[in-house]
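Visitor: Below are the sequence and a predicted model for it; my questions follow.
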Amino acid sequence: MDAPAEPDDGEVPAAGPADFAAYDALTVLTPRQRAAIVDAYAKVFQPRPSDAERLALIVNPSGLESVITGLRKYASSAALDTARVRVKETTFVDRTHASVEFAILSTRRQAFAGELDAAGGAVFVDGRWKLTRASFCAVMREAGKVTGDARVYCPEDAPAKK
């Protein structure tokens with residue numbers, strides 16, 4: 001059986017599982033799927049979105065409000081405003097899962113100076129690509145910002161990606 005033809009840029013469907021119909025044999029993400037994953041990571045880890053917007057882009061976000069609140073207590077808003085995310089690679093795992101290699105960049109020493117490399121995942125759920133809870137927690141643990149009650153929601157023994 002021949003592999004399905006790759007749709008041209010003008011015919012790429014939205015960012016969901018329907019995209020995979022033409023890509024199953026190729027096992028790659030469409031440009032729109034990759035863009036949706038990059039957008040989700042940017043909204044979760046960069047300064048402008050509200051906490052509600054961030055949490056909406058994380059699978060099973062229950063309790064993560066305390067992690068974000070703890071981060072805000074530790075780092076000044078100026079430090080948080082310098083954080084940027086750079087998605088390096090997205091890899092198709094199956095119809096609704098992708099692995100993601102990314103870096104969080106910061107110019108402030110209060111959180112961490114430089115680049116924090118991380119690996120995580122994205123899941124297509126509720127009609128959109130979202131970060132796995134483990135991906136969010138791994139970054140928070142690596143930055144050393146999971147303290148106090150927040151440890152219940154991002155435990156040390158949680159896998160870095162799921």
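Guide: Thanks, I have it.
Visitor: Grab the longest helix from the protein for me.
Guide: Identified as the longest helix of the chain according to DSSP state H is helix 31-45.
Visitor: other SSEs contacting the next helix or strand along the chain from it?
Guide: Downstream of helix 31-45, the first helix or strand assigned by DSSP states H and E is helix 51-56. If contacts are counted by 3 or more C-beta pairs under 8 Å, 6 or more residues apart in numbering; DSSP states H and E, helix 51-56 sits against helix 31-45, helix 64-74. From N, CA and C alone the C-beta is placed, and that goes for glycine too.
Visitor: List of residues touching helix 51-56?
Guide: Contact with helix 51-56 is made by 43, 44, 61, 64, 65, 68, as judged by C-beta atoms under 8 Å, 6 or more residues apart in numbering.
Visitor: Least confident secondary structure element in the chain?
Guide: Within the chain, no helix or strand scores below helix 77-81, which has a mean of 57 by mean pLDDT, DSSP states H and E.
Visitor: any weak-confidence spans in this protein?
Guide: Counting by pLDDT under 70, the chain shows low-confidence ranges at 1-27, 74-82, 107-113, 143-151, 156-162.
Visitor: all strands for this protein, in order.
Guide: Ranges of strands in the chain, per DSSP state E, are 84-94, 97-106, 114-125, 128-131.
Visitor: tell me the most buried of these?
Guide: strand 128-131 (a mean of 23; mean count of other C-beta atoms under 10 Å).
Visitor: follow-up on the earlier one: for the contacts of helix 51-56, could you give me JSON lines that also reports neighbour count?
Guide: As requested, these are exported to JSON lines (neighbours: other C-beta atoms under 10 Å):
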{"residue": "43", "neighbour count": "17"}
{"residue": "44", "neighbour count": "22"}
{"residue": "61", "neighbour count": "21"}
{"residue": "64", "neighbour count": "20"}
{"residue": "65", "neighbour count": "15"}
{"residue": "68", "neighbour count": "18"}
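Visitor: Most widely separated two among those residues?
Guide: Greatest spatial distance among the contacts of helix 51-56 (C-beta to C-beta): 43 and 65, at 15.9 Å.
Visitor: Distance to residue 29 for the strands of the chain - can I get that in TSV?
Guide: Output for the strands of the chain, formatted as TSV (distance: least, C-beta to C-beta, whole Å):
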stretch	distance to residue 29
strand 84-94	5
strand 97-106	6
strand 114-125	9
strand 128-131	10
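Visitor: closest to residue 39 out of these?
Guide: Nearest to residue 39, of all those, is strand 128-131, at 8.0 Å by C-beta to C-beta.
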